[in-house]
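Engineer: Next input, structure requested:
(chains A and B)
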2 protein chains.
Amino acid sequence: MVKNNRNIAMAQKSGLLFLSIIFILNCCAQINNTYNLMPVPAELKTNGNNVRITNQFRVSIIGSANPRLYAEASRFVRRLSNKTGIFLDKIGFVTQKDSNAATQLQLRVSHPGRLSLGEDESYSIETASSQVIVTAPTDLGAIHALETLLQLVSTDADGYYFPGVFIRDSPRFAWRGLLLDVALHFMPVDVVKRTLDGMAAVKMNVLHFHLSNDQGFRVESKIFPRLQQVASDGLYYTQEEIRDIVKYAAQRGIRVVPEFVVPAHTTAILTAYPGFASVKRDYHLQRYFGVFDPVMDPTNEKLYPFLEKLFGEMSSLFPDQYFHIGGDENTGNDWNNTPHIKSFMKAHGMKSTADLQTYFNKRLLPIITKCGKTMIGWDEIFQPGLPKEVVIESWRGNESFYGSVKSGHPSILAYGYYIDLIQPASYHYLNDPIPDSVTLTESERKLVLGGEATMWSEMVTPVTVDSRIWPRTAAIAERLWSPKTVNDVDDMYRRLDIMSLQLESLGLRHNTYKWPLMRQLANSWDTKALEVLVSVIEPLKIYERNEGDTMYTVFSPFTKLADVATPDQKVPRIFSKQVDEFLSKPSPEVEKEISEKLIIWKENDAQFKLLLKNSPVLLEAASLSENLSSLADAGLEAIQYIHNNKNAGLDWLKEKQAIVTKAKQQGGRCELQVVEPIQKLIQRAAQ
Amino acid sequence: MVKNNRNIAMAQKSGLLFLSIIFILNCCAQINNTYNLMPVPAELKTNGNNVRITNQFRVSIIGSANPRLYAEASRFVRRLSNKTGIFLDKIGFVTQKDSNAATQLQLRVSHPGRLSLGEDESYSIETASSQVIVTAPTDLGAIHALETLLQLVSTDADGYYFPGVFIRDSPRFAWRGLLLDVALHFMPVDVVKRTLDGMAAVKMNVLHFHLSNDQGFRVESKIFPRLQQVASDGLYYTQEEIRDIVKYAAQRGIRVVPEFVVPAHTTAILTAYPGFASVKRDYHLQRYFGVFDPVMDPTNEKLYPFLEKLFGEMSSLFPDQYFHIGGDENTGNDWNNTPHIKSFMKAHGMKSTADLQTYFNKRLLPIITKCGKTMIGWDEIFQPGLPKEVVIESWRGNESFYGSVKSGHPSILAYGYYIDLIQPASYHYLNDPIPDSVTLTESERKLVLGGEATMWSEMVTPVTVDSRIWPRTAAIAERLWSPKTVNDVDDMYRRLDIMSLQLESLGLRHNTYKWPLMRQLANSWDTKALEVLVSVIEPLKIYERNEGDTMYTVFSPFTKLADVATPDQKVPRIFSKQVDEFLSKPSPEVEKEISEKLIIWKENDAQFKLLLKNSPVLLEAASLSENLSSLADAGLEAIQYIHNNKNAGLDWLKEKQAIVTKAKQQGGRCELQVVEPIQKLIQRAAQ
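Structural biologist: Presented below is the predicted three-dimensional model:
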């Protein structure tokens, strides 16, 4: 799962092309959604009963709720106060005493929600005269309603109010997850907590916590302390911290599903306990990223009591029903090259290392069961003979996903939600877990639990990770929550832009992290020329940034151009639309807007060159800036030809195509995002 | 200490005026300090031996160092890599194996440093051909050298290098502290850690950790768990977290001195254990800020065993020699109004509550001593009969400070370093612990241990606190480290501006926090008009923002205009200098610069009014924006008169003075910072 092979990468790239066609088809199906909600609720009507927010605002909770609702209602009050600046000091904490039915916000809950898969998360919101009434079977639904309410807050000349609405809402899928990989690069507790805040804001309900890999084992073990002592670089969560994170998540209605990968991706565990390795060698934490040979020895009978103890201890920290054992990306080399393992395979009639892994999984399953947990693993564990209760998480593509569904396994889709691959939100947004092209029976549909955005952390650090998760993950959250028919890409982007601000008010740093990094790169307070460049570039996509898996290690600086560059930026997206508009129906207004941008890009290089004098680290971006300038210049020429209705001729075209080709080259592991639209202008000019 | 009374506030205000004269006197004593270091080292010479930084860069440690130096050297490598973008992946961690004398950076240390007051923190840096040699008696000095080196990193066309220097450096004062108040508003662990990073960067060495007050008790007690259960709102550090913070600080050469205030400011403790109160009442955590009556009952013999157990437990968490017992701001009312306490005072011949507090302190001292600690308290505990080993921290002014010094108490100066009061860095910078006006004997001088910046947290939250601490605290750090003769305010500000960037590269958010808050206030991505206004305002100074101590509680929103406004901004500071320059020696260039600013301010209000339509929370700033506009308009008129060498006349002056008067009014608990210079222009125009 960490590392798609190149075929998958290519498949995803063509998927991108395919989806860009869908994008065009969809962009005109405008959905009327006045309130900018994300995810869009299942049903929304306006009713005109606006409820004003004043310092008299109070909340009451009626019915039987899990204590988490009191904590969340209190947090809601502080957030509402922070957002509006209204002093709500008279409410410190919402408590059981707050059950007066006449408050401005009334939460009616039938029974305490259990934090488990499939629990009722539905809610309704109805404004009546000067009162908002939230009704929900469980507090989990009421918590979602609070997030919806914060998004609904509106303004007019008189101040703030909740607009008059009737909303009836419930999720399309029960499993709406984010995988946070803290093994490849460790993420401190505060990063995890703010990520949970963001997840709750978009109604996601599973943190898939990827806690061990070749680069480190990230949880304190009291039974096997060498795991944190020699296999974490000191970067791990204490058990107290894990409990704190689990509690923090639970308060927000989020389950935490831990993942401890076995039998491969276990260099860290084998560094601490080399006796469980298939091959005797000097094990050290892996500093590179990729797929490696070290793997546990399934023929070692001592391995299973070890795993039973370790997983027993680890699973006791996580109350959730599910326990992820990874199971992916075993090269098989260490098994094939080890005589006693080969003999074992032969003796047991195993034809391949896949058979041996199935054997291992079958030994593992009762251990997980004994821990009281349900096992989950990646595609690779989906082999004949695997008991049907095991959940399969699919990263390798639709074929494997529907294969596991049709075989009767509850399944989770990760394929298409790999947010580490720097693809646009639109790509993930249109990746429906049950697309029209797939035919499933009713019972098969029920096996599609949902999906997970996956934040693998090869190329991110605590400083940059927010910018890889947000805001794009909000689009995935909507895909997993909202009705299938909610799929207007333009409207998604419009709301995503607003959601991005709401996410940063929770403390997420997907926007702000850029400026200190740019100032450091520019070695100056003045970052204007760098900002212009950064606004039109992206880090290399899919797995291209870390060429050959050899460029980066866990110790590399992730403070460079590719780290301030973010996926799916607004400037190139809007520019591209404007160019399409211009080419289909030229107007002086659009021509002016396009030209103004091209002039800025053309002229920026001179300013950027001044920056370089003081900033050697930016030299790797010099070619990008030059190419942008030449390309913009060519674009301006093209517009002149088009404007004058003249054909630029083939010689001109050839010359400009050379510029386009050059502009497609990477610089500082980034690429320009405006080549395609400018190329279109050039081609039109010579038609 | 939390709360100066109004007299003190006034004294500080006039101090400000006094110092602004010093400012003018000093501004021409330019110091030649090419390398932008902060604090300025005791001795610096250039030697021409630049040492280039390449991916071959290695570090070695020679001699006997505390393990912290290996950790800090490793952290140094990562920071150097992050700053320069140079891949130093071949160094994972600096270890004892790294003792090759031929590396690019060699750290020579004589012996492990003890983390205690007065330990040798000196170091020297000398560049030789392609090698930087750091020599220090202890690793504490070597750690300071690493911070100096990071500040020294320079660039040229060939890349990055350490410039050729010889530096010999040591601190002027041994106690260079920052008080971080986590009682009034709690600060999570990550805030504390990044604050420690900033402190280390400017060579501060004491975190004075203010852990309890009327609003909360912030440390888990296993003996008295009601302290965190009912007296913290759930906002406290576990003992594991305290140990983690202490370890984190120790690695950076920073001591952690805890403060638990007694006998007053104990509403939180009395909420958990009301039996120790002087007056029987229903105790609840205090939600307001200020000085309150609740106080422990020193006549209750059960109090002392309680304090012995509590302080025994608390002091065991903090290895430092010093333990701060507060002792300040006891109103005495609860003692005076309680018959059995009055009788006790009478029976023991006590004339005032101060006498009773001295009695309490004398009972407390053996308890602290039994914990193996040296007691510190605020001025108020400095009473006749107090044993000389007790350290006095002075917040009430120079008189009380030198009083305690001259009485033989080791003393720490906090007065003049109250960074919560929104005063300019120059004010704090020129507040010398041993000013020329004070005559001390050699032995008295030795009793001046140093000083502490105090970050009281009434008006700050985890989001805004960085902007109140940084960058101004770097100026205080320099005052406490550098030679007394280093006092050029202009040069301080020049370097502070650079230091501010270096601090944010550590993750401090004094700059970046503004933008999400401004976007939230503006309810939009477009914050231009708000930025213009915010760049020329400050929150009300001293204690004026929280008028009558009744406006704010711990639950108030600190997400408003006064929270994005930061002290001591560059725009008004530079504008003011330009106006002075213009008035003393008019030139077309300066006139143009001033006029351009005035035009922006004048025209901004129209844009700001557009913002208001969508943002009721900003309405409180409407008058500020209007006043800025009128004021700027008046300034432009004044410049026209001055330019044309015409007298504007008294009628005009009167009219404009009304505008000036109006412009001095607060709006949104903020005030304009450009009134004074524009007033000068107006006055000149009518002269």
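Engineer: Where in chain A is the helix or strand with the lowest mean pLDDT?
Structural biologist: When the helices and strands of chain A are compared on mean pLDDT, DSSP states H and E, helix A:6-26 comes out lowest with a mean of 40.
Engineer: So for the residue lying closest to A:T138 once chain neighbours are set aside, what's the pLDDT?
Structural biologist: If you skip the residues right next to it in sequence, A:T138 has A:G113 as its closest partner in space, 3.1 Å away by CB to CB, 6 or more residues apart in numbering or on different chains. C-beta coordinates here come from the backbone N, C-alpha and C atoms, glycine included. Reported pLDDT at A:G113 in the predicted model: 96.
Engineer: tally of neighbours for A:G113?
Structural biologist: One way to gauge burial is a neighbour count; for A:G113, by other CB atoms under 10 Å in any protein chain shown, it gives 23.
Engineer: Enumerate the residues of the stretch 51-200 of chain A near chain B.
Structural biologist: The stretch 51-200 of chain A has residues A:78, A:81-89, A:91-93, A:155, A:157-160, A:188-190 near chain B, with proximity defined as CB under 8 Å from any CB of the partner chain.
Engineer: mind running it again at 7 Å?
Structural biologist: Taking CB under 7 Å from any CB of the partner chain as the contact definition, the stretch 51-200 of chain A meets chain B at A:81-85, A:87, A:89, A:92, A:155, A:159-160, A:188, A:190.
Engineer: just the buried members of those?
Structural biologist: Of the members of those, the ones counted as buried by neighbours, 16 or more other CB atoms under 10 Å in any protein chain shown, are A:81-85, A:89, A:92, A:155, A:159-160, A:190.
Engineer: Format those as a markdown table; extra columns: pLDDT.
Structural biologist: What follows is these, written out as a markdown table (pLDDT from 0 to 100):
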| residue | pLDDT |
| --- | --- |
| A:S81 | 98 |
| A:N82 | 98 |
| A:K83 | 97 |
| A:T84 | 98 |
| A:G85 | 98 |
| A:D89 | 94 |
| A:G92 | 94 |
| A:T155 | 95 |
| A:G159 | 96 |
| A:Y160 | 97 |
| A:D190 | 98 |
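Engineer: For the stretch 401-550 of chain A, which segments count as strands?
Structural biologist: Assigned by DSSP state E, counting those that start in this stretch, the strands in the stretch 401-550 of chain A fall at A:411-413, A:448-455, A:537-539.
Engineer: from these, which stretch is densest packed?
Structural biologist: Using mean count of other CB atoms under 10 Å in any protein chain shown, the stretch among these with the greatest mean number of neighbours is strand A:411-413 (a mean of 30).
Engineer: Give me the sheet partners of it and which way each runs.
Structural biologist: Strand pairing for strand A:411-413, determined by DSSP bridges: strand A:391-394 (parallel), strand A:448-455 (parallel).
Engineer: one step back: just the ones of the buried ones among the residues of the stretch 51-200 of chain A next to chain B in helices?
Structural biologist: Where these overlap with helices, as defined by DSSP state H, the overlap consists of A:81-84, A:190.
Engineer: The nearest residue to A:I368 once chain neighbours are set aside pairs with what?
Structural biologist: Leaving aside its chain neighbours, A:I368 sits nearest to A:M375 (4.4 Å; criterion: CB to CB, 6+ apart). On the basis of DSSP bridges, A:M375 is bridged to A:F323.
Engineer: what sits against A:M375?
Structural biologist: Each residue near A:M375 by CB atoms under 7 Å, 6 or more residues apart in numbering or on different chains is listed here: A:323, A:325, A:365, A:368, A:390.
Engineer: Could you identify which of those has the most neighbours?
Structural biologist: The most crowded member of the contacts of A:M375 is A:I325, carrying 26 neighbours; neighbours defined as other CB under 10 Å.
Engineer: Does that one touch A:L364 like I think?
Structural biologist: Yes. With contact defined as CB atoms under 7 Å, A:I325 reaches A:L364; the gap is 6.1 Å.
Engineer: picking up where we left off before, in its sheet, what does the following helix or strand past the least confident helix or strand of chain A sit against?
Structural biologist: Using DSSP states H and E, the helix or strand that follows helix A:6-26 towards the C-terminus is strand A:43-46. Strand A:43-46 has its sheet partners listed here by DSSP bridges as strand A:165-169 (antiparallel).
Engineer: Can you tell me what sits against the partner strand?
Structural biologist: Around strand A:165-169, the neighbours that count as contacts under CB under 7 Å, 6+ apart are A:41-47, A:122-127, A:148, A:152.
Engineer: give me that answer again for 8 Å
Structural biologist: With contact meaning CB atoms under 8 Å, 6 or more residues apart in numbering or on different chains, strand A:165-169 is reached by A:35, A:41-47, A:122-127, A:144-145, A:148, A:152.
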